[in-house]
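S.K.: turn this into a model:
(one chain, ligands or ions: 1)
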Amino acid sequence: MISVAVLGYGTVGSGVVEVIENNNAEVSAKAGEEMHVKYILDLRDFPGDPYEDRVVHDFRVILEDPEVSIVCEVMGGVGAAYQFTRQALEAGKSVCTSNKELVAKHGAELLELARTKNCSYMFEASVGGGIPIIRPINKALTAEKIESIIAILNGTTNYILTKMEKEGADYAQTLKQAQELGYAERNPEADVEGHDACRKVAILSSLMVGKNVDSEKLYTEGITRITPADFEYARAEGMTIKLLATSVGYEDGSILAMVAPTMLSKEHPLAAVNDVYNGVFVTGNMLGDVMFYGKGAGKLPTASAVVSDVVDCARHIGRSSIVCIWDKEEAKLIDKAETEKAFFVRVKAIAKDTVCKLFPGGHFVEAGRSEDCGYITEVMKEKDFAEKCKELGENLLNEIRLA
Ligand code: HSE
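M.R.: Purely as a prediction, here's the structure:
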């Protein structure tokens, strides 16, 4: 019998219990032993809940129970979640998590600790919700030097951008819907300002280079400045706008990783990733392109990914199932200011001549609007673009990178 404890009975926690209970035959067969949820840790009581008898309020009950070999940390945050994770691993209990904030911040350290204690720290659900992406990178793409990852990693913002593009939907209303559907973080700022996607791309980047990529050092821009007008211009150019998390590896082992709203061609496979779906487009030096697609947020998809890790741990009781390389050493990061790309700029109509003079190699985008004007620059260095934008002053309404 495999006894599991679930830390946090919120959206994902209740999903984990549901997956283990409802799919018990499948999960137990694949684990090789019958699996059950013995404890649910939460500060609250849940009168009337079918699993109310399993709720405990003191983590020590779980820690001191030798029957519990696997702990699911789905409480979020980097305070108590970090302490409980460390204590569980110290006690030789494997930990499976969806907590991308904690994985991004302490992943290397927790993996090392788990290895020394012959248990596992698993985080499939921390990136891409229900999409298998961590395990494929660690176990399937092992023959590859991964050259780049371009991804849509936040379901909430993809849901909002899709509604804005297809229905001209109101931003605030759509965010509220995403929260009601259980996609958004408790603090939606983490979603809309790009921090959630940033943590996820930092995790993927760390696995890509085998060294620690500090999410706090990555350039991160959210979607709050994107307007329906920007979508009109994108459409006129045969493009769409997505919040892209990108990570590009260089020959010397350095990396350029960032999160920003990006205009990309409708022809790109990621342009077809809509609503709460996420997509991860990986390019390997031998394989070429491969794309992973699925529900990037939500109770059951995320819980399914957590439970897939639980099954993996159950198959390796008494030894570590960790196969990834993620050293504590910091990866060398490239300064984006020196990198080159084209940019979309939207300016007030009175600045039409100025924009053309500032970026002589570009072209106007005809979207039939008179109140402003859209322009796509030549490919140029980020720092040169930023310098020229200063000359537009308050006539600059928006700027968006092109993929
Ligand atoms: N808030 C996150 C999202 C949840 O919208 O993608 C899944 O990590």
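S.K.: right, is the one helix or strand Ser205 maps to up against the ligand?
M.R.: Ser205 is part of helix 195-209, with elements assigned from DSSP states H and E. Yes - for helix 195-209, a contact with the ligand is found by C-beta under 6 Å from any ligand atom, at Asp196. Every C-beta, even on glycine, is put in place using the N, C-alpha and C of the backbone.
S.K.: off-centre distance for the next helix or strand after that helix?
M.R.: Next helix or strand after helix 195-209 toward the C-terminus (DSSP H and E): strand 219-220. Relative to the chain's own centre, strand 219-220 is displaced by 14 Å; criterion: C-alpha atoms, centre = their mean, to the nearest Å.
S.K.: next one: stretch 27-36
M.R.: Here stretch 27-36 is found 29 Å from its chain centre; the criterion is C-alpha atoms, centre = their mean.
S.K.: do the same with stretch 44-54
M.R.: On C-alpha atoms, centre = their mean, the centre of stretch 44-54 falls 31 Å from the chain's centre.
S.K.: that stretch: end-to-end distance?
M.R.: 12 Å (C-alpha to C-alpha, to the nearest Å).
S.K.: one step back: from the contact counts, what lies against the helix holding Ser205?
M.R.: Packing partners of helix 195-209 (3 or more C-beta pairs under 8 Å, 6 or more residues apart in numbering; DSSP states H and E): helix 100-116, strand 146-152, strand 219-220, strand 239-249, strand 255-265.
S.K.: now do the residue of the stretch 251-400 of the chain found nearest the ligand against Gly318, distance only.
M.R.: Closest approach of the stretch 251-400 of the chain to the ligand (C-beta to the nearest ligand atom) occurs at Ala297, with a separation of 3.7 Å. Distance, Ala297 to Gly318, by C-beta to C-beta, to the nearest Å: 34 Å.
S.K.: what's the burial count for the residue of the stretch 251-400 of the chain closest to the ligand?
M.R.: 28 (other C-beta atoms under 10 Å).
S.K.: got a list of what the residue nearest to it when sequence neighbours are not counted touches?
M.R.: Among residues not flanking Ala297 along the chain, Gly155 sits closest, at 3.2 Å (C-beta to C-beta, 6 or more residues apart in numbering). Applying C-beta atoms under 8 Å, 6 or more residues apart in numbering, one finds that Gly155 lies in contact with Gly129, Ala178, Tyr183, Asp275, Val276, Tyr277, Asn278, Lys295, Gly296, Ala297, Gly298.
S.K.: pretty sure the last one sits against Gly129.
M.R.: Right, the one you point to is Gly298. Yes - taking contacts as C-beta atoms under 8 Å, Gly298 lies within contact range of Gly129: 6.4 Å.
S.K.: okay, and the common contacts of these two?
M.R.: Gly155, Val276.
S.K.: of these two, who's got more company?
M.R.: The neighbour comparison of Gly298 against Gly129 (other C-beta under 10 Å) goes to Gly129, with 30 against 19.
S.K.: what's the distance between that one and Tyr375?
M.R.: 36 Å.
S.K.: so is the residue located most distally from the centre of the chain in a helix, a strand, or just coil?
M.R.: Distance to the chain centre peaks in the chain at Asp353, reaching 40.2 Å (criterion: C-alpha atoms, centre = their mean). State at Asp353, reduced to three classes by DSSP: H, G, I helix; E, B strand; the rest coil: helix.
S.K.: keeping just the C-alphas, turn the helix holding Ser205 into CSV.
M.R.: Taking C-alpha atoms only, helix 195-209 is exported to CSV below (Å, rounded to 0.1, in the frame of the first residue of the first chain):
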residue,chain,number,x,y,z
HIS,A,195,6.0,36.3,-13.6
ASP,A,196,4.3,32.9,-13.7
ALA,A,197,5.5,32.3,-17.3
CYS,A,198,8.9,33.6,-16.2
ARG,A,199,9.3,31.0,-13.4
LYS,A,200,8.2,28.3,-15.8
VAL,A,201,10.7,29.3,-18.5
ALA,A,202,13.4,29.5,-15.9
ILE,A,203,12.7,25.9,-14.9
LEU,A,204,12.8,24.7,-18.5
SER,A,205,16.0,26.7,-19.2
SER,A,206,17.7,25.2,-16.1
LEU,A,207,16.9,21.7,-17.4
MET,A,208,18.0,22.8,-20.9
VAL,A,209,21.5,23.9,-19.8
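S.K.: determine how far it lies from the middle of the whole chain.
M.R.: 7 Å.
S.K.: for Met380, which of the helices and strands packed on helix 195-209 is the nearest?
M.R.: Shortest distance between Met380 and those, using C-beta to C-beta, is found for strand 255-265: 15.3 Å.
S.K.: now could you export just the CA positions of the closest one as PDB?
M.R.: Extracted as PDB, the C-alpha positions of strand 255-265 are listed here (Å, rounded to 0.1, in the frame of the first residue of the first chain):
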ATOM      1  CA  ILE A 255      21.400  31.500 -22.500                       C
ATOM      2  CA  LEU A 256      18.900  34.200 -23.500                       C
ATOM      3  CA  ALA A 257      15.600  33.700 -21.700                       C
ATOM      4  CA  MET A 258      12.700  36.100 -21.400                       C
ATOM      5  CA  VAL A 259       9.000  36.600 -21.400                       C
ATOM      6  CA  ALA A 260       7.200  39.200 -23.500                       C
ATOM      7  CA  PRO A 261       4.100  39.600 -25.600                       C
ATOM      8  CA  THR A 262       5.200  38.800 -29.100                       C
ATOM      9  CA  MET A 263       3.700  39.200 -32.600                       C
ATOM     10  CA  LEU A 264       4.000  35.900 -34.500                       C
ATOM     11  CA  SER A 265       2.900  34.700 -37.800                       C
END
